[in-house]
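Trainee: sequence plus the predicted model coming up.
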Amino acid sequence: MPHKLADGFETPQPFHHHHNQSLDLNSFQDLPDSHAWPYSEPHDYSLSREKSHSKLPPVIDLNDLVNGLKHVVHACKTWGAFQIINHGVSNRVVDRMEDAAKSLFNLPFEQKLKAQRCEDGAVGYGPIRISSLFPKRMWSEGFTIVGSPVQHARKLWPEDYTAFCDATEEYQQEMKKLAGKLMWIVLESLGITKEDIQWAGPDGEFGPCGGVLQLNSYPICPDPSRAIGIVDHTDSSLLTILHQTNQSGLQVFREGFGWVTVPPVQGALVVNIGDLLHILSNGSYPSVLHRVVVNRDQHRLSMAYLFGPPNNAEISPLSKLVDRYHPPLYRPVTWTEYLGMKAKLFYEALSALRH
Ligand SMILES: O=C(O)CCC(=O)C(=O)O
Ligand SMILES: [Fe+2]
């Protein structure tokens, strides 16, 4: 007869790990079992295939939308993602934010813990929030910012927290402006005009909208083939603007192609269609399923700006895109409500909203 206590330990309790507890990933020589995922497919799909531009999300020049718009439409329909160049955000602003993010993740682990995200909190340092939904942990650390990070920055750098806050404020402003611009590019490609979206504010510049800045760090990994930086997910945003450093890692999934690595392009930003834009478009633009793989050569950093609607806005398929042949696929939902659903249902959150 097995011992009672041992019985208890043997009962699988996959989601009862201390997922919200941070671990110092730099302290491991070998991949701990808590981070070892079972994988049956190669991570580097795109590398094993002939490189051809049509097999990657396109790089779109925002200074040449006359030619570029058809690529935007095609990318939104097929990939749910694309890269942009000449986007108007200066290298200086991006570099400054990247340096700020590096200085944060380079702090001693004990110091970073002072800015740890609290149990039910949204902001601060820690493992990516979705960790608690999975039996294994991810090979990444994150820092989430909504509005000003000053409360946490003060704890991280008691002497000089303003440099981090200033970089963040400037980056968020630039990202919000660019997100508004991208929203209209994408919406116009669907035939939507300023009158169709009340929550875009009186001037149509999305003033009442908000964003979340998610900084991600992926330390060098002792066994990348069994680890994952961030597991497959779609973003719970309207759209996400992502800066990745020189080290690749981001992969997008496309039916018929499999997992495809989005190569870092100097000065470019990646744009992901999020779940809320998928709803607005009444399903014609898919939100992109993506993940992050890790490597044993070089640390990787990314900065994701998740752009979303104002809290009181109900997001539903745009009436111009609905007719008797195209009934609305989703019921209305606010961003906050959707985030709550995503936290519980994850892969099933979108289908739970379907009529
Ligand atoms: O690190 C990346 O390239 C992607 C990060 C990401 O998907 C996210 O923060 O939602
Ligand atoms: Fe993402």
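Mentor: Done, it's in. Numbers count the residues shown, from 1 in each chain. Ligands and ions are numbered 1, 2, ... in the order given.
Trainee: mind jotting down where the strands sit in the chain?
Mentor: For the chain, applying DSSP state E gives strands covering 59-61, 81-85, 124-126, 141-145, 210-218, 230-233, 239-244, 250-254, 258-261, 269-273, 290-292, 300-308.
Trainee: quick one: contacts of the second one?
Mentor: For strand 81-85, contacts defined as C-beta atoms under 8 Å, 6 or more residues apart in numbering pick out 57-62, 71-72, 75-76, 182, 252, 262, 265, 267-273, 288, 290. Any C-beta I mention is one placed from the backbone N, CA and C, and that applies to glycine too.
Trainee: can we see that at 7 Å?
Mentor: Contacts of strand 81-85 with the rest of the structure, by C-beta atoms under 7 Å, 6 or more residues apart in numbering, involve 57-62, 72, 75, 252, 265, 267-273, 288.
Trainee: then the third one?
Mentor: The contact list for strand 124-126, computed with C-beta under 7 Å, 6+ apart, reads Asn20, Ser22, Lys112, Ala115, Gln116, Arg117, Cys118, Gly142, Phe143, Thr144, His152.
Trainee: ok, the last one - contacts?
Mentor: His152 is in contact with Ala115, Gly124, counting by C-beta under 7 Å, 6+ apart.
Trainee: distance of it from ligand 1?
Mentor: 18 Å (C-beta to the nearest ligand atom, to the nearest Å).
Trainee: and that residue, what's its pLDDT?
Mentor: His152 is assigned a predicted lDDT (pLDDT) of 97.
Trainee: now the first one
Mentor: pLDDT recorded at Asn20 is 62.
Trainee: same check, this time on the fourth one
Mentor: Reported pLDDT at Ala115 in the predicted model: 97.
Trainee: how close does the closest residue in space to it that isn't next to it in sequence get to Met303?
Mentor: Nearest non-adjacent residue to Ala115, counting by C-beta to C-beta, 6 or more residues apart in numbering: His152, 3.8 Å away. Applying C-beta to C-beta, to the nearest Å, the value for His152 to Met303 is 16 Å.
Trainee: Gly258 too?
Mentor: Computed with C-beta to C-beta, the distance linking Gly258 and Met303 is 26 Å.
Trainee: the two: which has the busier surroundings?
Mentor: Neighbour totals were compared for Gly258 and Met303, and Met303 leads with 23 against 14 (other C-beta atoms under 10 Å).
Trainee: return the residues in contact with that one.
Mentor: Applying C-beta under 7 Å, 6+ apart as the definition, the contact partners of Met303 turn out to be Met97, Glu98, Ala101, Leu213, Leu215, His243.
Trainee: quick check: bridge partners of it?
Mentor: Using DSSP bridges, the bridge partners assigned to Met303 are Leu215, His243.
Trainee: quick one, what contacts the one residue in the chain that gets nearest to ligand 1?
Mentor: When you check the chain against ligand 1 by C-beta to the nearest ligand atom, the closest residue turns out to be Ser302, at 3.2 Å. If a contact means C-beta under 7 Å, 6+ apart, then Ser302 has Asn216, Leu242, His243, Gln244 as its contacts.
Trainee: buried ones in the helix ranked longest in the chain?
Mentor: Ordering each helix of the chain by length in residues (DSSP state H) puts helix 162-188 first. For helix 162-188, burial by neighbour count (16 or more other C-beta atoms under 10 Å) applies to 164-165, 167-168, 171-172, 174-176, 178-187.
Trainee: elements contacting it?
Mentor: With contacts defined as 3 or more C-beta pairs under 7 Å, 6 or more residues apart in numbering; DSSP states H and E, the packing partners of helix 162-188 are helix 65-78, helix 91-105, helix 150-156, strand 210-218, strand 239-244, strand 300-308.
Trainee: among those, which comes closest to Ser319?
Mentor: Each of those was checked against Ser319 via C-beta to C-beta, and the shortest separation belongs to helix 65-78, namely 19.7 Å.
Trainee: that closest one to strand 269-273, inter-axis angle?
Mentor: With axes from the mean of the first three to the mean of the last three C-alpha atoms, to 10 degrees as the criterion, the two stretches helix 65-78 and strand 269-273 enclose an angle of 50 degrees.
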